[in-house]
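In: A structural model of the following input is requested.
(one chain, ligands or ions: 2)
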Amino acid sequence: MNKGDISAAAREWTLTVKNLTFPIFCQQCRIRLLTDDNGYFCPTCWESSPRIERPFCPICGKPHRAGVGLGTRSNFRCGPCSTQKKPYPYDRVLAAARYDGAIQLAIKRLKFNDKPRIARPLGELLREQAERELDCDAYDYIVPVPLHRVRRRARGFNQAELLAREILPLFSDAVIDTSLVRLRPTHVQSRLHTDKQRKESVRGAFGLSRDANFDKKRVLLIDDVVTTGATIHECATVLKKGGATVVDVLAVALAIPGSDADSADLGRKE
Ligand SMILES: [Zn+2]
Ligand SMILES: [Zn+2]
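Out: Ligands and ions are numbered 1, 2, ... in the order given. Model prediction:
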């Protein structure tokens, strides 16, 4: 047995002992796991959680139905985005996955069960999608969607900031900027029922700190999940008013209307 074999065997043994003492289970299918490397999910659940792949709308990020015989992987605008001239204050939304399955559970664990380690596999999804679909040299600032300071203190971290840190090495010219701030706590978007409630909940909820400088800057706004777009709409409006020329949004997951808004989330604030 050479040195490498011995250390691999020792690692396996440590893992076995750890697992016997503190068994871990996949958070979706409850199968017993041998390692917690992938954020508490088995490879089957993690891999089968639906990703967003081409073709999707390059403006709102929504995936198109896979057309039989379409013969193209080129993106094209969806109906609403092609009929409206300037539909959103942000320039585009890019999401890595649907807000569904293991990825939806992972995002909830990250936020509501305070499991910051899950930011790593979720950040990996973001990184892969950004590498495929974005010009990573084209941004000056990476801006996490902020939490209200009281919420941030209680949670101990801002999940969007953890995700931003995971992907930062991809961006040669960009730095993380936290001068976009949440002025008051707002209800978690997925816990509000109507679009009107969601828009009203975040209206005026964001602002810029005194040292903010977004003049002529290209911004990539990072969020864990885009539910109705009300939050990113408000954030992008503030950033553009602050002088940003481009505001693109990169999110781990996108909720597709009618399929996955989760009413069990009612009442929480962030
Ligand atoms: Zn599983
Ligand atoms: Zn669209």
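
In: Please list the residues of this protein that sit near ligand 1.
Out: 26, 28-29, 42, 45 (CB under 5 Å from the ion). All C-beta atoms are positioned from the backbone trio N, CA, C, and that covers glycine.

In: Can you pull the residues of the chain lying near ligand 2?
Out: Proximity of the chain to ligand 2, by CB under 5 Å from the ion, involves residues 57, 59-60, 78, 81.

In: Which ones among the residues of the chain next to ligand 1 lie within helices?
Out: Judged by DSSP state H, helices contain the following of the residues of the chain next to ligand 1: C45.

In: Spatially, which two of the residues of the chain next to ligand 1 are the most separated?
Out: Pairwise distances across the residues of the chain next to ligand 1 peak at 7.6 Å for Q28 and C42 (criterion: CB to CB).

In: Backbone dihedrals for L94, both of them.
Out: As for L94, its main-chain torsions (degrees, to the nearest 10) stand at phi -130, psi 120.

In: who's it bridged to?
Out: L250 (DSSP bridges).

In: Adjust the sequence numbering to begin at 35 for everything that follows.
Out: Fine by me, first position is 35 from now on; the one you just mentioned is L128.

In: Could you list the domains of this structure?
Out: For the chain, the structural domains run 35-70, 85-99+109-299, going by automatic domain parsing.

In: most packed of those domains?
Out: Of the domains of the chain, the one with the most neighbours on average (mean count of other CB atoms under 10 Å) is domain 85-99+109-299, at a mean of 18.

In: three-state assignment of the closest residue to ligand 1 within the stretch 135-284 of the chain?
Out: Nearest to ligand 1, among the residues of the stretch 135-284 of the chain, is A136, at 6.9 Å (CB to the ion). Look at A136: counting by DSSP: H, G, I helix; E, B strand; the rest coil, its state is helix.

In: now the strands: where do they sit in the stretch 185-304 of the chain?
Out: Per DSSP state E, counting those that start in this stretch, the stretch 185-304 of the chain carries strands over the ranges 209-210, 214-216, 240-242, 252-260, 280-288.

In: Direction included, what does the fourth one pair up with?
Out: Partners of strand 252-260 in the sheet, by DSSP bridges, are strand 175-178 (parallel), strand 280-288 (parallel).

In: of the strands of the stretch 185-304 of the chain, which approaches K149 most closely?
Out: strand 252-260 (12.5 Å).

In: pLDDT on the closest one, on average?
Out: For strand 252-260, the mean per-residue pLDDT is 97.

In: One more: stretch 281-289?
Out: Taken as a whole, stretch 281-289 carries a mean pLDDT of 98.

In: do stretch 174-184 as well
Out: What stretch 174-184 shows for mean pLDDT is 96.

In: what do you get for stretch 116-124?
Out: For stretch 116-124, mean pLDDT is 87.

In: and what of stretch 128-148?
Out: Computed over stretch 128-148, the mean pLDDT rounds to 93.

In: which residues touch stretch 235-253?
Out: Residues outside stretch 235-253 that contact it (CB atoms under 8 Å, 6 or more residues apart in numbering) are 172-177, 180, 211, 213-218, 220-221, 223, 226, 264-265, 267-269, 272-273, 276-282.

In: now swap in stretch 183-200 and tell me
Out: With CB under 8 Å, 6+ apart as the test, stretch 183-200 has contacts from 141, 144-145, 148, 150, 153-154, 156-158, 160-161, 176-181, 210, 212, 215-216, 219, 256-258, 286, 303-304.

In: now the end-to-end length of that stretch.
Out: 22 Å (CA to CA, to the nearest Å).

In: how far out from the middle of the chain is that stretch?
Out: Here stretch 183-200 is found 13 Å from its chain centre; the criterion is CA atoms, centre = their mean, to the nearest Å.

In: again with stretch 47-66
Out: Using CA atoms, centre = their mean, the offset of stretch 47-66 from its chain centre is 27 Å.

In: Kindly provide the distance from Y74 to G95.
Out: Y74 sits 26 Å away from G95, going by CB to CB, to the nearest Å.
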